[in-house]
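Visitor: Requesting a structural model of the entry that follows:
(2 chains)
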Amino acid sequence: MASRQLTGNPAGRGQAVGVVARLAAAPVLPAEVPAPGPADEEVAIAALGSVVADLRARAAGLDGTARDILDTQIAMAEDPALVTGVRAAVAQGRPAAWAVHDAFGVHVAALAALGGYLGERAGDLVDLRDRAIAVLLGVPSPGVPVREEPFVLVSTDLAPADTVTLDPAKVLAIVTAKGGPTSHTAILARALGIPAVVGCAEAESLVDGDRVVVDGTRGVVVVSPDAELADRVSRATVAAPALHHGPGSTSDGHPVQLLLNVGGPAEGEVDAEGVGLFRTEFLFLDRTEAPSREEQRRVYGEVFASFGGRPVVVRTLDAGADKPLPFANSDDEPNPALGVRGYRVARRRPELLADQLAAIADAAADHGADVRVMAPMIATAAEAREFAALARSFGLSRVGVMVEVPAAALRADEVLAEVDFVSIGTNDLAQYAFGADRVLGELGALLDPWQPALLDLVALVAEAGRRAGKPVGVCGEAAGDPALAPVLVGLGVTSLSMSAPALPHVRAALREHTFAHCTELAHRARRALTA
Amino acid sequence: MPSRRVTIASPTGLHARPAKLLTEAARKQPLVIRIGRAEDHLVDASSILAVMSLGVRAGEEVLLTAEGDQADRVLAELAELLSHDDT
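Guide: Next up, the predicted model:
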């Protein structure tokens, strides 16, 4: 078969070769209800049985919490009430798949009505229902596919809920039809260190079993690659030679703190100076109510302990836009990226932020950890003052804010007067400065971090930091780009925070330049007419 | 009918795992066991979906009933299970 090439936005770095497995959507019952068959009851009950068998097979290899979760799901799928419900629906003339849908309906509604932890289990039931219906309709089971062999995950888009359960040992690469270079899929792929191409509209033509080469550096997918290319990619080792270790600096010793962006505890030995961005959203996703203060305290404590004394910057809940949470956001905003998101949620639900700050302070005290907090989506110095006062009232002495809104960059002096540090989120800053939705692959060029106007905003903030004698970091995707890192340092940025796989590359890149050369690179980048 | 009142010890109430432990234990018994907040609102204790749908929280008191041979022994066993937080 002749090979063909698809293009999209480059996301996670590197190349991989593998076989496509598509993320399956939840099955949809056809609008037209067919006539009932003679064996609908047995067929429907057998479908429930095959869902249980599949869950048992998956549970067999697990232990701990994951095992408990699956065991409970199995118990629900085996509940005699479902069989009773199926029988009743079939008796009323409903075909097998519809009978399953009806049998689950009353239980889904009953659990959802309870809210809280039990309400969340309604989602588990919906998952069971969809798996059984998928069996009956002869379509793939919903969600991330389960395969013996590692695969290339292909989907229209990935929800944050899908991405948190991804097993990096099984996913060789990710290709999505939607999403820009700073979408969550792209960020996750970089965090996991796996190649990804996003915003690749033609990816919709890929089917299970297609053999592809994914080039996450160039944003290219080659379908049915020739043997030579496939061999070359499969032989190439991804591990970068670790030429340098320890704290970051330019070749002439100008220090640049190199920090990690994380969503949980450190995995293994970490060669970084600390955490520049601890995203706390992962704890809140997939919930109908906020986790309790005690649960937050425990989870944050695990993260603090895992970085053993190194500074950790915790970003308070950044809900909204592409990470909506039912208890924090309202779903009827016409323009959620410009809506009540990030720090703004505290106007509507002040107790969410207060609980979180209390839990962070408790966990910091539990572990004697060096913890700082920062708020996302700060637009004005007044908001920065308000947040700083609140955080300090919980005993958190080092407080910062994110600079993502151009208004905050333009007023960086006033913002910095209220806080101890700032961290620039280049992804959202680009989205707001260029008026370009970061999830639209088509607008990727406007979101390029080399855009001179974006670098101008970074420079404004860095200069304000220098005047105030306060640190200015970058924790957006730009910080993990080895080519751009020296430019950011030249603009006056004092720390760079990025995903773990990017860090050795950035460290090595900085060691190739003197600070004076970084400054020169920064001037050149800002003088350019285009990205 | 033999019955017994018991206070739920699990700090999260009769949620997924505690509910599963109860229904597993109930299913092993040769009797029909029912559970609920009040006598006129009882559900099948061997159905995890029915038990979870009660939405019983920690510290709430529930009523267990059973009919048949050794009902008292069975109820004592189940009450023991619910009054200990080994989940």
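Visitor: which SSE is whichever residue of the stretch 351-500 of chain A sits closest to chain B in?
Guide: Using Cβ to the nearest Cβ, the single residue of the stretch 351-500 of chain A nearest to chain B is A:Ala359, 17.5 Å away. In short, each C-beta sits where N, CA and C put it, glycine included. In this assignment (DSSP states H and E), A:Ala359 forms part of helix A:350-367.
Visitor: What is the neighbour count of the residue of the stretch 351-500 of chain A closest to chain B?
Guide: Neighbour count for A:Ala359, taken as other Cβ atoms under 10 Å in any protein chain shown: 25.
Visitor: Then A:Gly119?
Guide: A:Gly119 - counted by other Cβ under 10 Å - has 18 other residues nearby.
Visitor: and if you look at the one 3 residues further on?
Guide: Neighbours of A:Ala122 under the rule other Cβ under 10 Å: 21.
Visitor: before we move on, the earlier item: contacts only, for the nearest residue to the residue of the stretch 351-500 of chain A closest to chain B once chain neighbours are set aside.
Guide: Ranked by Cβ to Cβ, 6 or more residues apart in numbering or on different chains and with sequence neighbours excluded, the top spatial neighbour of A:Ala359 is A:Gln296, at 3.6 Å. Applying Cβ atoms under 8 Å, 6 or more residues apart in numbering or on different chains, we find A:Gln296 in contact with A:280, A:283, A:355-356, A:359-360, A:363.
Visitor: May I see those organised as CSV, with pLDDT added?
Guide: Below are the contacts of A:Gln296 laid out as CSV (pLDDT from 0 to 100):
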residue, pLDDT
A:Thr280, 93
A:Leu283, 86
A:Asp355, 96
A:Gln356, 97
A:Ala359, 97
A:Ile360, 98
A:Ala363, 97
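Visitor: who wins for neighbours among the residues you listed?
Guide: Counting by other Cβ under 10 Å, top hit in those: A:Ile360 with 28 neighbours.
Visitor: follow-up on the earlier one: tell me the pLDDT at the residue nearest to A:Ala359?
Guide: Predicted confidence (pLDDT) at A:Gln296: the value is 96.
Visitor: And B:Asp86, by the same measure?
Guide: The per-residue pLDDT reported for B:Asp86 equals 57.
Visitor: circling back: does the residue nearest to A:Ala359 sit in a helix or strand, and which one?
Guide: Element membership for A:Gln296, per DSSP H and E: helix A:293-306.
Visitor: Contact residues of chain A facing chain B?
Guide: Residues of chain A lying near chain B by Cβ under 8 Å from any Cβ of the partner chain: A:68, A:71-72, A:75-76, A:79-82, A:107, A:110-111, A:114, A:117-118, A:121, A:124-125.
Visitor: May I see the PyMOL selection of the buried members of these?
Guide: Restricted to buried positions by 16 or more other Cβ atoms under 10 Å in any protein chain shown, the PyMOL selection for those reads:
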select buried, chain A and resi 68+71+72+75+76+79+81+82+107+110+111+114+117+118+121+124+125
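Visitor: In helices only, show me the residues of chain A next to chain B.
Guide: Using DSSP state H, the subset of these located in helices is A:68, A:71-72, A:75-76, A:80-82, A:107, A:110-111, A:114, A:117-118, A:121, A:124-125.
Visitor: Please name the residues that touch A:Val493.
Guide: Taking Cβ under 8 Å, 6+ apart as the test, what A:Val493 contacts is A:256, A:424, A:458, A:462, A:472-474.
Visitor: Where does the residue positioned nearest the centre of chain B sit: helix, strand or coil?
Guide: Geometric centre of chain B, nearest residue: B:Ile35, 5.1 Å, by Cα atoms, centre = their mean. At B:Ile35 the chain is in strand, as set by DSSP: H, G, I helix; E, B strand; the rest coil.
Visitor: Output the below-cut-off pLDDT ranges for chain B.
Guide: Regions of chain B meeting the criterion pLDDT under 70 cover residues B:85-87.
Visitor: for chain A, what are the nearby residues on it?
Guide: Contact residues (Cβ under 8 Å from any Cβ) of chain B with chain A: B:12-13, B:15-17, B:20, B:23-24, B:44, B:46-50, B:52-53, B:55.
Visitor: Now the buried members of the residues you listed.
Guide: Members of the residues of chain B next to chain A classed as buried by 16+ other Cβ under 10 Å are B:12-13, B:15-17, B:20, B:23, B:44, B:46-50, B:52-53, B:55.
Visitor: For those, which two are the farthest from each other?
Guide: The largest separation in those, counting by Cβ to Cβ, is between B:Thr12 and B:Asp44 at 21.7 Å.
Visitor: what are the pairing partners of the helix or strand hosting A:Ala21, and which direction each?
Guide: In the assignment (DSSP H and E), A:Ala21 maps to strand A:15-22. Sheet pairing of strand A:15-22 (DSSP bridges) gives strand A:151-155 (parallel), strand A:211-215 (antiparallel).
Visitor: Report the next helix or strand after the helix holding A:Ala359 in sequence order.
Guide: strand A:371-375.
Visitor: circling back to that earlier point, from the residues of chain B next to chain A, which ones fall inside helices?
Guide: B:16-17, B:20, B:23-24, B:48-50, B:52-53.
Visitor: Between which two of the residues you listed is the distance greatest?
Guide: Taking Cβ to Cβ as the measure, those span a maximum distance of 17.4 Å, between B:Glu24 and B:Ser53.
Visitor: burial count for the closest residue to B:Gly68 other than its chain neighbours?
Guide: Excluding its sequence neighbours, the residue lying closest to B:Gly68 (Cβ to Cβ, 6+ apart) is B:Leu31, at 4.3 Å. For B:Leu31, the neighbour count with other Cβ under 10 Å is 17.
Visitor: Kindly report the same for B:Asp40.
Guide: 6.
Visitor: Same check on B:Leu21?
Guide: Residues contacting B:Leu21 under the criterion other Cβ under 10 Å number 19.
Visitor: In this structure it contacts B:His84, no?
Guide: No: in this structure, B:Leu21 is not within contact of B:His84 by Cβ atoms under 8 Å, at 10.3 Å.
Visitor: got a list of what the most far-flung residue of chain B relative to its centre touches?
Guide: Relative to the centre of chain B, the most outlying C-alpha is that of B:Asp69, 18.0 Å out, by Cα atoms, centre = their mean. Each residue near B:Asp69 by Cβ under 8 Å, 6+ apart is listed here: B:30-31.
Visitor: What's the separation between it and B:Leu42?
Guide: Distance from B:Asp69 to B:Leu42, counting by Cβ to Cβ, to the nearest Å: 20 Å.
Visitor: which stretches of the stretch 1-150 of chain A have low pLDDT?
Guide: A:1, A:62-66, A:117, A:120.
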